[in-house]
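*Asks:* here is a sequence together with a model predicted from it:
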Amino acid sequence: MFDSLSEKFSNAFKNLRGKGAITEANIDETLKEVRTALLEADVNFKVAKEFVTKVKEEALGQKVISGVEPGQQFIKIMHDELTKLMGDDPEKPENEINFNRPAPIPFMIVGLNGAGKTTFTGKFALWLRTKKKKDAYLIPADNFRPAAKDQLITLAKNIGIDYFDSDLSMKPVDIVKKGMEQAKLLRKEVVIIDTAGRLQVDEVLMQELVDVRALFDKPEVLLVADAMTGQEAVNVAKTFHEKVTLTGVVLSKMDSDTRGGAALSIRYVTGVPIRFVSMGEKMKDLELFYPDRLAKRLLDMGDVLSLVEKAQDIIDEKDAERMMKNLEKNRFTVDDFLRQMETMSKFGSMGDIMKMIPGMGGMMRQLGDLSPAENEMKKMKVIIQSMTKEERDNHKILNGSRRERIAKGSGKTVQDVNQFIEKFNQMQKMMTGMMGMLKGGGMPNLPGMGGLGGMMGGGDPMSGGKGFRQAPGMGMKTKKKGKRKGPFGGGFF
């Protein structure tokens, strides 16, 4: 997401390289390109104009900090203003939900048809259970699109969430009344109401929502807005807010090739905070929205906090400890390699991971399509899965006959198996070198990685992809002996 906008920002900042100070003359061209990039991303015209004005005022009003290049200082100003634009309040995060209320707490999910309301309802229920330990109850109240009830019940069964078997011949307000009575009998903590939508806003829809909202005292009303629609999503949010008073916005389809206009405009125009972003079709693909983190991604500053949070959810700590102990003994097996690849696949694509690492956005654009590398990983997995436990534990016993058997079992050639073993030998050397990084806090030059190790030693987004700093939090302390493990479970992956 936002790849095009991020690239245009990066190109705009090139105008400031080598400048001795920030002046009106040398930032005018940069700001002109920033403004154009925002408008092309479908950001509201007034928002783009005011944003550029604020950045200019802040940049010209700041004193040059000793030891900091003007270009770096300008990026910091851009980051701060982007964060403010999207509504971050360090003292009181806007995406926090108040659960200190009498149960069951009602959440109305509203929006137009096709925005992803029903899918979000299921994702939100799962998120409440896994992240907040709250027992949710789902009420299908969409009698305009009967298939929505079937879809929601299917989702509920798949994730093990209770639901109300609503009678769609009833009015939405009556369905919700009955559903709430049942939720109270079952002593549910949270009720999520999947309301009806339309292809476009109309008075009948709005009146239905107003009637349902009137049943509660200060309910949570979350609008699911399609991020792909850009400025139109902002207009929809504004209309819904005027009618039913929204308490939050959810941006769906954020994993698509969205231009970013909705995320950058919606908070500013409506005053309604963005609570969540929906990143895919899987039920676990739901994230809290953090303006500062999105601002960092847009400016190629990475998003290490999100990366570490993902790691904490995905990595098995006992498995990581076991691997660390092996690495300390300079031992790294084919089985360890397979575990690393499987762990990496849980994070998403290589591109998704690299974008979260500071300074890697520029390199990603130079590298282009990473699918060949991902296909190579799949190929290696198939070969490994055709090996015996003994062979995975000690690949040095792989003689000619064993390699031929593995090739036949994996549907590959003996040459493919030989190439895998050669690559694995390089990986072994790299992993032992990685221990030096984890102990010393820096990235050594590693076999098989070209200049990547040196690149990771220092630099910044203004260096044109020549390097970046090792970001805080890239190593996490484990419970035992305070040792550090990498975000991907003790190794490069």
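*Replies:* Done, it's in.
*Asks:* hey, let's count contacts and neighbours off CA atoms from now on
*Replies:* Will do.
*Asks:* could you count how many residues lie near residue 170?
*Replies:* Residues contacting residue 170 under the criterion other CA atoms under 10 Å number 12.
*Asks:* secondary structure class of the closest residue to it other than its chain neighbours, three-state.
*Replies:* Distances taken as CA to CA, 6 or more residues apart in numbering put residue 143 closest to residue 170, at 7.8 Å, once the chain neighbours are dropped. Counting by DSSP: H, G, I helix; E, B strand; the rest coil, the backbone at residue 143 sits in coil.
*Asks:* spit out the contact partners of residue 143.
*Replies:* Residues near residue 143 by CA atoms under 8 Å, 6 or more residues apart in numbering: 168, 169, 170, 171, 172, 196.
*Asks:* looking at those, which one is closest to residue 207?
*Replies:* Ranked by distance to residue 207 (CA to CA), these are led by residue 172 at 10.5 Å.
*Asks:* hang on, the closest one packs against residue 142?
*Replies:* Yes: with contact defined as CA atoms under 8 Å, residue 172 and residue 142 form a contacting pair (7.0 Å).
*Asks:* need the helices for the stretch 51-200 of the chain, in chain order.
*Replies:* Under the criterion DSSP state H, counting those that start in this stretch, the stretch 51-200 of the chain contains helices at 70-85, 117-132, 147-159, 172-185.
*Asks:* so which of the ones you listed is nearest residue 100?
*Replies:* helix 117-132 (12.3 Å).
*Asks:* give me the angle between that closest one and helix 147-159.
*Replies:* Interaxial angle, helix 117-132 versus helix 147-159 (axes from the mean of the first three to the mean of the last three CA atoms, to 10 degrees): 30 degrees.
*Asks:* in helix 117-132, which residues are buried?
*Replies:* Neighbour counts over helix 117-132 (16 or more other CA atoms under 10 Å) mark 117, 118, 119, 120, 121, 122, 123, 124, 125, 126, 127 as buried.
*Asks:* which other residues reach that helix?
*Replies:* Under the contact criterion CA under 8 Å, 6+ apart, helix 117-132 has outside partners 109-111, 134-138, 148, 151-152, 155-156, 159, 161, 192-194, 224, 278, 281, 283-286.
*Asks:* which residues of the stretch 351-493 of the chain score low on pLDDT?
*Replies:* By pLDDT under 70, the low-scoring segments of the stretch 351-493 of the chain are 351-371, 432-493.
*Asks:* by mean pLDDT, point me to the weakest helix or strand of this structure.
*Replies:* Here the helix or strand of the chain ranked lowest by mean pLDDT, DSSP states H and E is helix 452-455, holding a mean of 33.
*Asks:* quick revisit: next one: the residue nearest to residue 170 from residue 219, what distance?
*Replies:* 21 Å (CA to CA, to the nearest Å).
*Asks:* can you check residue 37 too?
*Replies:* Residue 37 is 38 Å from residue 219, by CA to CA.
*Asks:* who has more neighbours, the two?
*Replies:* residue 37 (21 against 17).
*Asks:* pull the number of nearby residues for residue 203.
*Replies:* Residues within reach of residue 203, counting by other CA under 10 Å, total 9.
*Asks:* show me where the stretch 1-150 of the chain has strands.
*Replies:* Taking DSSP state E, counting those that start in this stretch to define them, one finds strands in the stretch 1-150 of the chain at 105-110, 136-141.
*Asks:* can you pull the contacts of the closest residue to residue 238 other than its chain neighbours?
*Replies:* Distance criterion CA to CA, 6+ apart; nearest residue to residue 238, sequence neighbours excluded, is residue 270 at 5.5 Å. When contacts are counted by CA under 8 Å, 6+ apart, residue 270 touches 234, 237, 238, 241.
*Asks:* count of residues packed around the closest residue to the first one other than its chain neighbours?
*Replies:* Which is residue 234. Leaving aside its sequence neighbours, residue 234 sits nearest to residue 266 (CA to CA, 6+ apart; 5.1 Å). Neighbours of residue 266 under the rule other CA under 10 Å: 31.
*Asks:* secondary structure class of the spatially most distant residue from the centre of the chain, three-state.
*Replies:* Each residue of the chain has a distance to the centre, and by CA atoms, centre = their mean the biggest one is for residue 401: 45.6 Å. Secondary structure state of residue 401, per three-state DSSP, is helix.
*Asks:* where's it relative to residue 166, distance?
*Replies:* Here residue 401 is placed at a distance of 64 Å from residue 166 (CA to CA).
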